[in-house]
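1. following is a predicted model, sequence given first.
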Amino acid sequence: MRVSVVGLRFDRFEPSAHALFSFSEQQLQDITLKIRKQTRSDACIVIATCDRIEVWCENTHADLAEPMLRAFSLPVLTWNKEIYHITSEDLLGHLFQLASGLLSPLFGEDQIISQLQHSLVRSRLCGCSSSLFEYLFRQAISAAKEVQTHVDLQVPDESVASFVFDKINQIHTEKVLIIGSSALSRLVATSLLNHGYAVTMTIRDLDKADFLLPEGITAIPYDVRYSVIPEYRVIISATKGMEYTVDQKLSSSDHVFIDLAPVKDIDPTLGLRDGIEIITLEDQKISFPKREQATVIAQEILDKRIEQTLQYLNYRKQVEPIQILAEQAANDLVYRLNSQLGANHLDDAFRETLYESARKAFSHQLYLEKKKSIDRTYVDLTKKLVSGGEVYPGDPQILLEPYCTFEDAGYRVTKLQFGSHSATHMDAPSHILESGRTLDTLTVSRFFATAYILDCSSFSAITVKELESLPESCDAVLFYTQGNSFLTEAAARYLLQMGIRIFGFDTPDCDEEGTLIIHNILLSSEALIIENLENLPMIFNKIVELICLPLLYTDADGAPVRVVAQVVNA
């Protein structure tokens, strides 16, 4: 994964500098095209948020820092020292945390999700995206939505309210002005009310004051804050904006400002005036237990999704790249036609249609060409039903006998008599579970899978350790044991967690004699079991497409099954 990332955070600069990083969608499209062309990259995405700009390039042929600064019209010598680079080891963690708001100054904010979506669409519209970027950004956005759904990252901590009270308690005042109506502002306001202070709060929409602000608060419009500040010794500010709430327009003095905002609300230069003190959270030693707990939970979600993404990326290296090539070709077409599309004033909807039509056309043609070159081998893994053949102790005997003969009737019909678990057969959950599903209630798609064939004949037991190298792309495993080894309980559960849904064995019973432990573990999870397979040595350590169609009959607790492995040799 040859991806390079550089970025620049501007939230710590004066608000007046933020205008340098305000761009229209058309400007950002032009910047994306310019950077891709200058760096000769295969793909490029430009991320523009309220606190940073980032450039992601795939297979670039140049250092990204200078092309990024020039594309954004930022003097290289001035801004180069502000550039940060993301290493390849940190790429996924950075992207997923960024999408979830864990790296935002407004910690846990969810607007970053739509900003990443816009970045991806923008890159696609100018032909600068790639299948890799499409996948990575979609996964990061999906993970961020899961975090935002299950974790409150913006939960305010009482420790901040305690800190504020301790500070104000040292100042001789009976009333406090709070600028902003965020959750943190409301928490602090409630704390101060409970301690007997008179609290006034600003709010942008007075109509919402009655149901948004705590009872007992005096609400005033945000826009009149400068006219009332002279009445207060202590002013607290805790908004989510990127602009100063109090700056050099302040005409009064003798104030203590407590700035609780993640991005400074109070112009720091006011602290140079006589009679003005500014207290910020970053200067204090305050713990944030609720935020820390929420962050741990969020990171657990992200770690799981990152692991899934890495598994797919490893699998992606092995799978046929038809779709990848089709997407790259479609992006390249839009990229090459970008000037003509702009000159003819064709809108984004047309670009989307062009991209999708090209992708489908390229994919179809590539598939047809590949189909011609594929050599398939089919291996039958099924034991024949033979009259008098071996059956599990206590099961009905297998009987195949002529019912109509050619000599007597002019045609042949054979009478078949056997149990539902004869020869090569499939176990349904209802085989051992009172309310388990039967085979005839399953969709036919359950009987097709991607399988790996594992030689376990030399194992004393099939443990998790023996399974750790299984390909992540499979949803079925076929075990060749010769009756020498059996799945452990831990191994069975491990495979279920991996997503294995079909378990095949070369023996008539997947359990050790006298037990049904493995049957219970697998079938209670609605996995399917195939027993009495043969010819497995022909396909050891291969990934195959598995077709296993059981005999269809009503209330099927099990059934003889025809099992075929399709081996693709490119």
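-> Okay, I see it.
2. in the protein, what spans have low per-residue confidence?
-> Applying pLDDT under 70 to the chain flags the ranges 1, 315-321, 370-375, 569-570.
3. for Thr32, give its distance to Leu153.
-> Using C-beta to C-beta, to the nearest Å, we find Thr32 at a distance of 30 Å from Leu153. C-beta coordinates here come from the backbone N, C-alpha and C atoms, glycine included.
4. between the two, point out the one with more neighbours.
-> Ranked by neighbour count (other C-beta atoms under 10 Å), Thr32 and Leu153 place Thr32 first, with 24 against 20.
5. correct me, but the more buried one touches Ile47?
-> No - the pair formed by Thr32 and Ile47 falls short of the contact definition of C-beta atoms under 8 Å, at 10.3 Å.
6. which helices and strands sit right next to the host helix or strand of Val160?
-> Assigned by DSSP states H and E, Val160 falls within helix 158-169. With contacts taken as 3 or more C-beta pairs under 8 Å, 6 or more residues apart in numbering; DSSP states H and E, helix 158-169 sits against helix 183-194, strand 255-259.
7. phi, psi of Val544?
-> phi -130, psi 160 (degrees, to the nearest 10).
8. what does Val391 give?
-> phi -130, psi 160.
9. is there a neighbour count for it? I'd like the number.
-> Using other C-beta under 10 Å, the number of residues around Val391 comes to 16.
10. what sits against it?
-> Counting by C-beta atoms under 8 Å, 6 or more residues apart in numbering, Val391 makes contact with 397-398, 418-419, 422.
11. quick one: distance of the longest helix along the chain to the chain centre.
-> Ranked by residue count under DSSP state H, the longest helix found in the chain is helix 289-316. Remark: helix 289-316 is offset 8 Å from the chain centroid, using C-alpha atoms, centre = their mean, to the nearest Å.
12. now swap in stretch 142-158 and tell me
-> 15 Å.
13. kindly list the longest strand within this protein.
-> Criterion DSSP state E: the longest strand present in the chain is strand 558-569.
14. what sits up against it?
-> 374-382, 385, 418, 420-428, 431, 439, 451, 453, 504, 530, 533, 539, 542, 544-553.
15. among those, the buried ones, what's the ChimeraX command?
-> This is how ChimeraX selects the buried members of those, with burial counted by 16 or more other C-beta atoms under 10 Å:
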select :379,381,382,385,418,420,421,422,423,424,425,426,427,428,431,439,451,453,504,530,533,539,544,545,546,547,548,550,551
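16. quick one: the residue nearest to Val164 when sequence neighbours are not counted from Tyr232, how far?
-> Nearest non-adjacent residue to Val164, counting by C-beta to C-beta, 6 or more residues apart in numbering: Val188, 5.2 Å away. Applying C-beta to C-beta, the value for Val188 to Tyr232 is 14 Å.
17. which residue ranges of the stretch 101-250 of the chain form helices?
-> Using DSSP state H, counting those that start in this stretch, the helices found in the stretch 101-250 of the chain span residues 111-125, 131-150, 158-169, 183-194, 209-212, 225-228.
18. how many neighbouring residues does Ile258 have?
-> Other residues near Ile258 come to 24 when the count uses other C-beta under 10 Å.
19. cool, the one 10 residues further on as well?
-> Residue neighbour count, defined by other C-beta under 10 Å, stands at 13 for Pro268.
20. start the count at 303 instead of 1 going forward.
-> Okay, residue one is now 303; in that scheme the one you just asked about reads as Pro570.
21. report how many residues lie close to the closest residue in space to it that isn't next to it in sequence.
-> Nearest residue to Pro570 in three dimensions, chain neighbours excluded: Ile580, at 6.6 Å (C-beta to C-beta, 6+ apart). A count of nearby residues for Ile580, using other C-beta under 10 Å, gives 22.
22. just to be sure, Ile580 is in a strand?
-> Yes - if the criterion is DSSP: H, G, I helix; E, B strand; the rest coil, then Ile580 is within a strand.
23. can you pull the contacts of it?
-> Taking C-beta under 8 Å, 6+ apart, one finds 559, 561, 568, 570, 572-573 in contact with Ile580.
24. list only buried entries from those.
-> 559, 561, 568, 572.
25. so the second one touches Thr582, yeah?
-> The one in question is Asp561. Yes - with contact defined as C-beta under 8 Å, Asp561 reaches Thr582; the gap is 4.6 Å.
26. need the residues touching each of those two.
-> With contacts taken as C-beta under 8 Å, 6+ apart, Asp561 and Thr582 have Ile568 as neighbours in common.
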